[in-house]
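In: what shape does this take:
(one chain, ligands or ions: 2)
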Amino acid sequence: MSKVISVSNQKGGVGKTTTSCCLAVGLKKKGFRVLTIDLDPQGNLGFSVGADTETSASIYDVLKGDVKTQFAIQKTNIIDIIISSILLSGIELEFTNTGREYLLQEAIKPILDLYDYIILDTPPNLGILTINAFTASDYVLVPMLSDIFSLQGIAQLYETVERVKKYCNSKLSIAGILLTKFNPRTLLSREIRGTAELIANDLNIRLFDTYIRSSVVVSEAQSVQQSILDYAPKNNISKDYLRFIDELLAKGV
Ligand SMILES: Nc1ncnc2c1ncn2[C@@H]1O[C@H](COP(=O)(O)OP(=O)(O)OP(=O)(O)O)[C@@H](O)[C@H]1O
Ligand SMILES: [Mg+2]
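Out: Ligands and ions are numbered 1, 2, ... in the order given. I've put the predicted structure just below:
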(Lines give C-alpha, C1' and ligand atoms only; values in the text may rest on other atoms or scores of the structure.)
(Ligands and ions follow the chains in the order given, each with its own letter.)
Protein backbone atom coordinates (compact mmCIF):
# COMPACT_ATOMS: atom_id res chain seq x y z
CA MET A 1 0.00 0.00 0.00
CA SER A 2 1.63 3.25 -1.00
CA LYS A 3 2.15 6.28 1.15
CA VAL A 4 0.97 9.33 -0.75
CA ILE A 5 2.80 12.63 -0.22
CA SER A 6 1.67 16.00 -1.58
CA VAL A 7 4.48 18.49 -2.04
CA SER A 8 2.67 21.75 -1.63
CA ASN A 9 2.86 25.47 -1.00
CA GLN A 10 0.55 28.02 -2.63
CA LYS A 11 3.52 30.33 -3.10
CA GLY A 12 5.28 30.02 -6.45
CA GLY A 13 8.92 29.11 -6.98
CA VAL A 14 9.64 27.71 -3.52
CA GLY A 15 11.07 24.41 -4.74
CA LYS A 16 7.99 22.15 -4.89
CA THR A 17 8.92 20.58 -8.22
CA THR A 18 12.61 20.31 -7.36
CA THR A 19 11.77 18.70 -4.01
CA SER A 20 9.21 16.32 -5.60
CA CYS A 21 11.84 15.14 -8.05
CA CYS A 22 14.69 14.76 -5.54
CA LEU A 23 12.44 13.07 -3.01
CA ALA A 24 11.17 10.60 -5.60
CA VAL A 25 14.60 9.83 -7.06
CA GLY A 26 16.18 9.57 -3.60
CA LEU A 27 13.51 7.14 -2.39
CA LYS A 28 13.94 5.13 -5.59
CA LYS A 29 17.70 4.93 -4.96
CA LYS A 30 16.91 3.47 -1.55
CA GLY A 31 15.04 0.66 -3.27
CA PHE A 32 11.47 1.91 -2.90
CA ARG A 33 8.96 1.73 -5.76
CA VAL A 34 8.04 5.34 -6.50
CA LEU A 35 5.54 7.08 -8.77
CA THR A 36 5.31 10.81 -9.30
CA ILE A 37 2.22 12.62 -10.52
CA ASP A 38 2.54 16.12 -11.94
CA LEU A 39 -0.63 18.01 -10.99
CA ASP A 40 0.67 21.41 -12.09
CA PRO A 41 -0.61 22.58 -15.50
CA GLN A 42 2.84 24.17 -16.01
CA GLY A 43 4.21 20.63 -16.43
CA ASN A 44 7.66 21.40 -14.99
CA LEU A 45 8.12 18.00 -13.35
CA GLY A 46 7.31 16.09 -16.54
CA PHE A 47 9.83 18.18 -18.43
CA SER A 48 12.56 17.87 -15.84
CA VAL A 49 12.41 14.06 -15.81
CA GLY A 50 12.40 13.86 -19.60
CA ALA A 51 8.86 12.51 -20.00
CA ASP A 52 7.05 12.57 -23.32
CA THR A 53 4.71 15.52 -23.01
CA GLU A 54 3.45 15.55 -26.59
CA THR A 55 1.53 12.35 -27.26
CA SER A 56 1.22 10.48 -23.95
CA ALA A 57 -1.83 10.39 -21.73
CA SER A 58 -1.86 12.81 -18.80
CA ILE A 59 -3.46 13.04 -15.38
CA TYR A 60 -6.10 15.23 -17.04
CA ASP A 61 -7.21 12.27 -19.19
CA VAL A 62 -7.25 10.10 -16.08
CA LEU A 63 -9.30 12.55 -13.99
CA LYS A 64 -11.77 12.91 -16.86
CA GLY A 65 -12.17 9.15 -16.92
CA ASP A 66 -10.92 8.81 -20.50
CA VAL A 67 -7.78 6.79 -19.68
CA LYS A 68 -7.16 4.13 -17.03
CA THR A 69 -4.57 5.27 -14.47
CA GLN A 70 -2.22 2.34 -15.21
CA PHE A 71 -2.05 3.32 -18.87
CA ALA A 72 -1.02 6.91 -18.12
CA ILE A 73 2.16 5.89 -16.28
CA GLN A 74 5.38 6.62 -18.16
CA LYS A 75 8.63 4.99 -17.12
CA THR A 76 11.45 7.45 -17.89
CA ASN A 77 15.15 6.85 -17.17
CA ILE A 78 14.72 8.94 -14.05
CA ILE A 79 11.36 7.98 -12.52
CA ASP A 80 7.84 6.69 -13.16
CA ILE A 81 5.50 9.59 -13.82
CA ILE A 82 2.01 10.56 -14.86
CA ILE A 83 2.44 13.86 -16.66
CA SER A 84 0.22 16.92 -16.39
CA SER A 85 -1.50 18.80 -19.16
CA ILE A 86 -2.13 22.47 -19.76
CA LEU A 87 -5.82 21.47 -19.92
CA LEU A 88 -5.68 20.98 -16.14
CA SER A 89 -5.77 24.75 -15.81
CA GLY A 90 -9.42 24.74 -16.89
CA ILE A 91 -10.47 22.07 -14.44
CA GLU A 92 -11.88 24.50 -11.89
CA LEU A 93 -14.62 25.45 -14.37
CA GLU A 94 -14.84 22.13 -16.16
CA PHE A 95 -15.38 19.80 -13.20
CA THR A 96 -18.27 21.14 -11.21
CA ASN A 97 -19.97 17.93 -10.07
CA THR A 98 -20.32 17.01 -6.41
CA GLY A 99 -17.46 14.83 -5.30
CA ARG A 100 -14.93 16.53 -7.51
CA GLU A 101 -12.52 16.65 -4.56
CA TYR A 102 -12.25 12.85 -4.70
CA LEU A 103 -11.33 12.37 -8.38
CA LEU A 104 -7.62 11.78 -7.75
CA GLN A 105 -8.18 9.62 -4.67
CA GLU A 106 -10.43 7.38 -6.78
CA ALA A 107 -8.00 7.42 -9.70
CA ILE A 108 -5.01 6.16 -7.72
CA LYS A 109 -6.88 3.38 -5.87
CA PRO A 110 -6.05 0.72 -8.50
CA ILE A 111 -2.30 1.47 -8.35
CA LEU A 112 -1.76 1.82 -4.60
CA ASP A 113 -0.28 -1.67 -4.38
CA LEU A 114 2.16 -1.08 -7.22
CA TYR A 115 4.16 1.61 -5.39
CA ASP A 116 5.64 2.26 -1.95
CA TYR A 117 5.44 6.03 -2.43
CA ILE A 118 3.37 8.26 -4.69
CA ILE A 119 4.67 11.85 -4.80
CA LEU A 120 2.27 14.55 -5.95
CA ASP A 121 3.72 17.81 -7.28
CA THR A 122 1.08 20.52 -6.90
CA PRO A 123 0.49 23.93 -8.51
CA PRO A 124 1.17 27.22 -6.68
CA ASN A 125 -2.40 27.74 -5.46
CA LEU A 126 -4.94 26.14 -3.15
CA GLY A 127 -7.51 25.38 -5.86
CA ILE A 128 -9.28 22.17 -6.77
CA LEU A 129 -6.12 20.38 -7.96
CA THR A 130 -4.39 20.95 -4.63
CA ILE A 131 -7.57 19.93 -2.78
CA ASN A 132 -7.62 16.73 -4.86
CA ALA A 133 -3.98 16.12 -3.95
CA PHE A 134 -4.66 16.63 -0.22
CA THR A 135 -7.74 14.41 -0.36
CA ALA A 136 -5.67 11.62 -1.91
CA SER A 137 -2.67 12.03 0.45
CA ASP A 138 -1.39 10.72 3.74
CA TYR A 139 1.05 13.61 4.15
CA VAL A 140 1.64 17.16 3.00
CA LEU A 141 5.27 18.22 2.72
CA VAL A 142 5.76 21.99 2.63
CA PRO A 143 8.87 23.39 0.96
CA MET A 144 9.36 26.97 2.07
CA LEU A 145 11.75 29.82 1.33
CA SER A 146 13.34 31.54 4.25
CA ASP A 147 11.68 34.91 3.79
CA ILE A 148 8.97 36.74 5.65
CA PHE A 149 6.28 36.48 2.93
CA SER A 150 6.62 32.74 2.96
CA LEU A 151 5.99 32.62 6.66
CA GLN A 152 2.80 34.62 6.16
CA GLY A 153 1.42 32.00 3.76
CA ILE A 154 1.78 29.07 6.14
CA ALA A 155 -1.34 29.83 8.18
CA GLN A 156 -3.50 29.80 5.05
CA LEU A 157 -2.01 26.51 3.91
CA TYR A 158 -2.56 25.08 7.38
CA GLU A 159 -6.24 26.09 7.29
CA THR A 160 -6.72 24.40 3.93
CA VAL A 161 -5.17 21.19 5.26
CA GLU A 162 -7.45 21.36 8.31
CA ARG A 163 -10.50 21.83 6.09
CA VAL A 164 -9.60 18.85 3.90
CA LYS A 165 -8.98 16.82 7.05
CA LYS A 166 -12.40 17.69 8.40
CA TYR A 167 -14.47 17.20 5.25
CA CYS A 168 -12.60 14.91 2.86
CA ASN A 169 -9.69 12.98 4.37
CA SER A 170 -9.30 12.46 8.10
CA LYS A 171 -5.96 10.61 7.76
CA LEU A 172 -4.16 13.64 6.29
CA SER A 173 -1.30 15.19 8.23
CA ILE A 174 1.42 17.74 7.61
CA ALA A 175 4.77 15.94 7.43
CA GLY A 176 6.56 19.19 8.04
CA ILE A 177 8.16 22.33 6.63
CA LEU A 178 11.37 22.02 4.62
CA LEU A 179 13.40 25.20 4.20
CA THR A 180 14.72 25.46 0.63
CA LYS A 181 17.26 27.70 -1.12
CA PHE A 182 18.55 28.28 2.37
CA ASN A 183 21.78 30.13 2.95
CA PRO A 184 22.97 29.23 6.45
CA ARG A 185 25.66 31.90 6.33
CA THR A 186 23.41 34.96 6.28
CA LEU A 187 22.10 36.41 9.47
CA LEU A 188 18.67 36.98 7.90
CA SER A 189 18.32 33.31 7.00
CA ARG A 190 19.16 32.31 10.53
CA GLU A 191 16.65 34.79 11.93
CA ILE A 192 13.97 33.54 9.57
CA ARG A 193 14.70 30.00 10.63
CA GLY A 194 14.08 31.09 14.19
CA THR A 195 10.78 32.72 13.22
CA ALA A 196 9.80 29.68 11.15
CA GLU A 197 10.41 27.53 14.22
CA LEU A 198 8.10 29.72 16.30
CA ILE A 199 5.33 29.63 13.70
CA ALA A 200 5.70 25.90 13.18
CA ASN A 201 5.56 25.31 16.94
CA ASP A 202 2.52 27.51 17.20
CA LEU A 203 0.66 25.49 14.54
CA ASN A 204 2.09 22.24 15.89
CA ILE A 205 3.89 21.52 12.61
CA ARG A 206 7.37 20.02 12.40
CA LEU A 207 10.20 22.12 10.96
CA PHE A 208 12.70 19.64 9.55
CA ASP A 209 16.22 19.88 10.98
CA THR A 210 17.59 19.41 7.48
CA TYR A 211 17.45 22.39 5.15
CA ILE A 212 18.18 22.52 1.43
CA ARG A 213 20.94 24.89 0.43
CA SER A 214 20.98 27.01 -2.71
CA SER A 215 22.93 25.86 -5.73
CA VAL A 216 23.19 26.62 -9.44
CA VAL A 217 23.32 22.91 -10.25
CA VAL A 218 19.55 22.77 -9.67
CA SER A 219 18.68 24.72 -12.80
CA GLU A 220 21.60 23.17 -14.69
CA ALA A 221 20.35 19.63 -14.02
CA GLN A 222 16.77 20.61 -14.84
CA SER A 223 17.71 22.18 -18.15
CA VAL A 224 19.48 19.01 -19.32
CA GLN A 225 16.63 16.88 -17.93
CA GLN A 226 18.73 14.96 -15.45
CA SER A 227 18.02 14.28 -11.81
CA ILE A 228 20.08 16.49 -9.51
CA LEU A 229 21.17 13.45 -7.50
CA ASP A 230 22.79 11.97 -10.63
CA TYR A 231 23.95 15.21 -12.23
CA ALA A 232 25.81 16.44 -9.14
CA PRO A 233 25.96 13.66 -6.55
CA LYS A 234 28.78 15.34 -4.63
CA ASN A 235 27.13 18.78 -4.52
CA ASN A 236 25.79 20.03 -1.19
CA ILE A 237 22.28 20.03 -2.57
CA SER A 238 22.33 16.29 -3.30
CA LYS A 239 23.69 15.65 0.18
CA ASP A 240 20.98 17.88 1.65
CA TYR A 241 18.18 16.08 -0.15
CA LEU A 242 19.53 12.63 0.81
CA ARG A 243 19.89 13.73 4.42
CA PHE A 244 16.37 15.10 4.29
CA ILE A 245 15.02 11.75 3.04
CA ASP A 246 16.78 9.98 5.91
CA GLU A 247 15.18 12.41 8.34
CA LEU A 248 11.76 11.90 6.74
CA LEU A 249 12.06 8.12 6.95
CA ALA A 250 13.38 8.30 10.52
CA LYS A 251 10.30 10.31 11.47
CA GLY A 252 8.08 7.55 10.16
CA VAL A 253 6.87 9.02 6.86
N1 LIG B 1 17.92 24.71 -3.71
C2 LIG B 1 17.87 25.46 -4.82
N3 LIG B 1 18.93 26.22 -5.17
C4 LIG B 1 18.89 27.00 -6.28
N5 LIG B 1 17.85 27.06 -7.12
C6 LIG B 1 16.76 26.33 -6.82
C7 LIG B 1 16.71 25.48 -5.67
N8 LIG B 1 15.49 24.87 -5.65
C9 LIG B 1 14.83 25.31 -6.73
N10 LIG B 1 15.58 26.18 -7.45
C11 LIG B 1 15.20 26.91 -8.67
O12 LIG B 1 14.14 27.77 -8.32
C13 LIG B 1 13.15 27.77 -9.31
C14 LIG B 1 11.83 27.31 -8.72
O15 LIG B 1 11.97 25.98 -8.28
P16 LIG B 1 10.78 24.95 -8.46
O17 LIG B 1 10.32 24.93 -9.87
O18 LIG B 1 11.20 23.66 -7.86
O19 LIG B 1 9.69 25.66 -7.54
P20 LIG B 1 8.11 25.43 -7.53
O21 LIG B 1 7.66 25.72 -6.15
O22 LIG B 1 7.80 24.08 -8.07
O23 LIG B 1 7.62 26.54 -8.54
P24 LIG B 1 6.12 26.71 -9.08
O25 LIG B 1 5.34 27.30 -7.95
O26 LIG B 1 6.24 27.61 -10.26
O27 LIG B 1 5.62 25.34 -9.45
C28 LIG B 1 13.64 26.86 -10.42
O29 LIG B 1 14.24 27.66 -11.41
C30 LIG B 1 14.68 25.98 -9.75
O31 LIG B 1 15.69 25.60 -10.64
MG1 LIG C 1 6.48 23.52 -9.60
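In: please count neighbours and contacts with C-alpha atoms only from this point.
Out: Fine.
In: near ligand 1, which residues of the chain?
Out: With the criterion set to Cα under 6 Å from any ligand atom, the chain comes near ligand 1 through 12-18, 123-124, 180-181, 212-216, 218-219.
In: type out the PyMOL command that picks the buried ones from those residues.
Out: The buried residues among the residues of the chain next to ligand 1 can be selected in PyMOL (16 or more other Cα atoms under 10 Å) with this line:
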select buried, resi 14+15+16+17+18+123+124+180+181+212+213+218
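In: where does the stretch 101-250 of the chain get nearest to ligand 1, which residue?
Out: residue 214 (3.3 Å; Cα to the nearest ligand atom).
In: give me phi/psi at that residue?
Out: phi -90, psi 140 (degrees, to the nearest 10).
In: my read is that it contacts residue 183, right?
Out: Yes: checked against Cα atoms under 8 Å, the pair residue 214 and residue 183 is within contact range at 6.5 Å.
In: where do the helices sit along this protein?
Out: With DSSP state H, the ranges of helices along the chain come out as 16-29, 44-48, 59-64, 69-72, 91-94, 103-108, 128-136, 148-167, 187-202, 217-223, 228-231, 236-250.
In: most tightly packed of these?
Out: Sort the helices of the chain by mean neighbour count, taking mean count of other Cα atoms under 10 Å, and helix 128-136 sits at the top with a mean of 25.
In: could you check the angle helix 148-167 makes with that helix?
Out: Angle, helix 128-136 to helix 148-167, by axes from the mean of the first three to the mean of the last three Cα atoms, to 10 degrees: 60 degrees.
In: returning to that earlier point: please report how far the residue of the stretch 101-250 of the chain closest to ligand 1 lies from residue 157.
Out: Here the criterion is Cα to Cα, to the nearest Å. By it, residue 214 lies 24 Å from residue 157.
In: ok, residue 250 next?
Out: From residue 250 to residue 157 the distance is 25 Å (Cα to Cα).
In: run through who's touching stretch 163-170.
Out: Residues from elsewhere that reach stretch 163-170 (Cα atoms under 8 Å, 6 or more residues apart in numbering): 101, 102, 131, 134, 135, 136, 171, 172, 173.
In: was I right about the third one contacting residue 101?
Out: Yes: counting by Cα under 8 Å, residue 131 sits close enough to residue 101 to count as a contact (6.2 Å).
In: surely residue 205 is in contact with residue 176?
Out: Yes: contact criterion Cα under 8 Å: residue 205 and residue 176 qualify, at 5.8 Å.
In: out of the helices and strands in the chain, which is least certain?
Out: Least confident helix or strand, the chain: helix 187-202 with a mean of 87, by mean pLDDT, DSSP states H and E.
In: and of the helices of the chain, who's closest to residue 37?
Out: Smallest distance to residue 37 across those (Cα to Cα): 7.5 Å, for helix 59-64.
In: check the offset of the closest one from the chain's centre.
Out: Mean-position distance between helix 59-64 and its chain equals 19 Å (Cα atoms, centre = their mean, to the nearest Å).
In: packing partners of it?
Out: The contact analysis (3 or more Cα pairs under 8 Å, 6 or more residues apart in numbering; DSSP states H and E) places helix 59-64 against helix 69-72, helix 103-108.
In: ok, back up a step: who's in contact with the closest residue to the residue of the stretch 101-250 of the chain closest to ligand 1 other than its chain neighbours?
Out: In space, and not counting its chain neighbours, residue 214 is closest to residue 181: 4.1 Å by Cα to Cα, 6 or more residues apart in numbering. By Cα under 8 Å, 6+ apart, the contact set of residue 181 is 14, 15, 145, 146, 212, 213, 214, 215.
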